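**Student:** A predicted structure for the sequence below; I have some questions about it.
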There are 2 protein chains.
Amino acid sequence: MKGHIVISKATIDRLPLYFRTLRQAQEEGVEIISSEELGRRIGVTPEQIRKDLASFGEFGKKGVGYYVRELIRHIGEILGLHRNWNIAIVGIGHLGWALANYRNFASLGFNLVAIFDVDPAKVGQKVNGVQVHHLQDLEMVVKEIGVQIGVITVPAEQAQDVANRLVAAGVRGIWNFAPIKVNVPPSVRIVSEDLSVGLSSLSYYLSRQLCDK
Amino acid sequence: MKGHIVISKATIDRLPLYFRTLRQAQEEGVEIISSEELGRRIGVTPEQIRKDLASFGEFGKKGVGYYVRELIRHIGEILGLHRNWNIAIVGIGHLGWALANYRNFASLGFNLVAIFDVDPAKVGQKVNGVQVHHLQDLEMVVKEIGVQIGVITVPAEQAQDVANRLVAAGVRGIWNFAPIKVNVPPSVRIVSEDLSVGLSSLSYYLSRQLCDK
């Protein structure tokens, strides 16, 4: 990491999109990409791309474009994706199951190391090669394996309790899918996913189209 | 809708978050909310809140706050959530199953009206009260029921083909969960979900904490 670069939150939120889009381009064989093309793929203006990428160094040549491989490596470093985070999923319902089988995680450096549930039919089984432990062993397993990120896919009513236990066991980040606000101490970082956000955006644009007709 | 208000894309992307957060506040019995409190809940500055909300009219009283119910109604209208969109899920694996049972959709005005799959064990069954049709009947069912939004939860290899068929059958929006870039004509709106984005953001902040220690 090159010292303490100051990057705005809005830029940080776009970095994973840059990372993913650049990797897709790389898979297609693209070696150099213009801010216009990158902007088109991500859905922001070329000016925004240039501004975002300028904030953490020089990765392009004027009139040529950005070197895809170099940019991927650098953004990956900024995102900390080279660190191999250990993650655990709490709640192996359909969503937990889908996440446990999401193949992109491993390629980004996230290792699923444990799964927790209370269902006797699931405890002791393996999902995608990973052991399902009983929820009562959460603290022990999290400490023993060294889980840094907990993924919450339990029903809303149990989410806060699970978060409290994950925090007490020492996780430093929580990725919450339960449709409820979960509180954690300031030292723990939480990212909440809300699936209705994507659908609402879609609704907005479709409504506009109707109005314009 | 009050004519053609120009709202920036960044603001539009935050509207669903405002909507959800305000509804949570309303459920807690909050009737008036300050930009500070709203900002704290969403994770943006009070200045940003005031700027965003100012762009579509007057919904607050200086020194008092925003009227929660009024603001929810107005944002809901802007997002087109009063329209009752018909949605269909294509691919009823674990993720499709989780989405079919996601209770927040209905409360936002999204009606799940059809599900498609190729698995003989699933076709003919009902999930959350909704019929699973064979994928070969997609065009017929989409037209007959009037599906406006198609949700793609099939494996990456089949996503483009499913998108093409949904578009040909007349859907106007696609919500894509397959980890691949799906192309649609300009007349169709597409929103792609990428679960690795949330996890990457988390990784960024956790890396920073490590560096700061």
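**Tutor:** Cool, the structure landed. Residues are numbered from 1 along each chain as shown, chains lettered A, B, ... in the order given.
**Student:** Please make it C-alpha for all contacts and neighbour counts, starting now.
**Tutor:** OK.
**Student:** Contacts only, for the nearest residue to residue A:142 once chain neighbours are set aside.
**Tutor:** Nearest residue to residue A:142, sequence neighbours excluded (Cα to Cα, 6 or more residues apart in numbering or on different chains): residue A:169, at 6.4 Å. Counting by Cα atoms under 8 Å, 6 or more residues apart in numbering or on different chains, residue A:169 makes contact with A:138, A:139, A:140, A:142, A:143.
**Student:** Helix, strand, or coil at residue A:116?
**Tutor:** Of the three states, residue A:116 takes strand according to DSSP: H, G, I helix; E, B strand; the rest coil.
**Student:** wait, it sits on residue A:96?
**Tutor:** No - when contacts are counted by Cα atoms under 8 Å, residue A:116 is not listed as touching residue A:96 (9.8 Å).
**Student:** check contacts around the residue lying closest to residue A:92 once chain neighbours are set aside.
**Tutor:** In this structure, residue A:92 finds its nearest non-sequential neighbour in residue A:117, 6.1 Å apart by Cα to Cα, 6+ apart. With contact set as Cα under 8 Å, 6+ apart, residue A:117 has these partners: A:90, A:91, A:92, A:123, A:132, A:133, A:134, A:135.
**Student:** shared neighbours of residue A:116 and residue A:96, anything?
**Tutor:** Residues touching both residue A:116 and residue A:96 (Cα under 8 Å, 6+ apart) are A:89, A:90.
**Student:** which neighbours does the helix or strand of chain A with the lowest mean pLDDT have in its sheet, and in what orientation?
**Tutor:** The weakest-scoring helix or strand in chain A, judged by mean pLDDT, DSSP states H and E, is strand A:60-61 (a mean of 71). Strand pairing for strand A:60-61, determined by DSSP bridges: strand A:65-67 (antiparallel).
**Student:** wait, isn't residue A:93 in contact with residue A:153?
**Tutor:** Yes - assessed by Cα under 8 Å, residue A:93 is found in contact with residue A:153 at 7.4 Å.
**Student:** Can you pick out the residue with more neighbours from these two?
**Tutor:** Set residue A:93 next to residue A:153 and count neighbours by other Cα atoms under 10 Å in any protein chain shown: residue A:153 wins out with 25 against 19.
**Student:** Next up, the contacts around the more buried one.
**Tutor:** A:89, A:90, A:91, A:92, A:93, A:95, A:96, A:159, A:176, A:177, A:178.
**Student:** Buried by neighbour count: which residues of the strand or helix carrying residue A:159 qualify?
**Tutor:** Here residue A:159 sits within helix A:156-169, counting by DSSP states H and E. Neighbour-count burial for helix A:156-169, with 16 or more other Cα atoms under 10 Å in any protein chain shown as criterion, is recorded at A:156, A:159, A:160, A:162, A:163, A:166, A:167, A:169.
**Student:** For residue A:131, what are phi and psi?
**Tutor:** Note on residue A:131: its backbone torsions stand at phi -70, psi 140 [degrees, to the nearest 10].
**Student:** ok, it - contacts?
**Tutor:** For residue A:131, the contacting residues are A:113, A:114, A:115, A:123, A:124, A:125, by Cα under 8 Å, 6+ apart.
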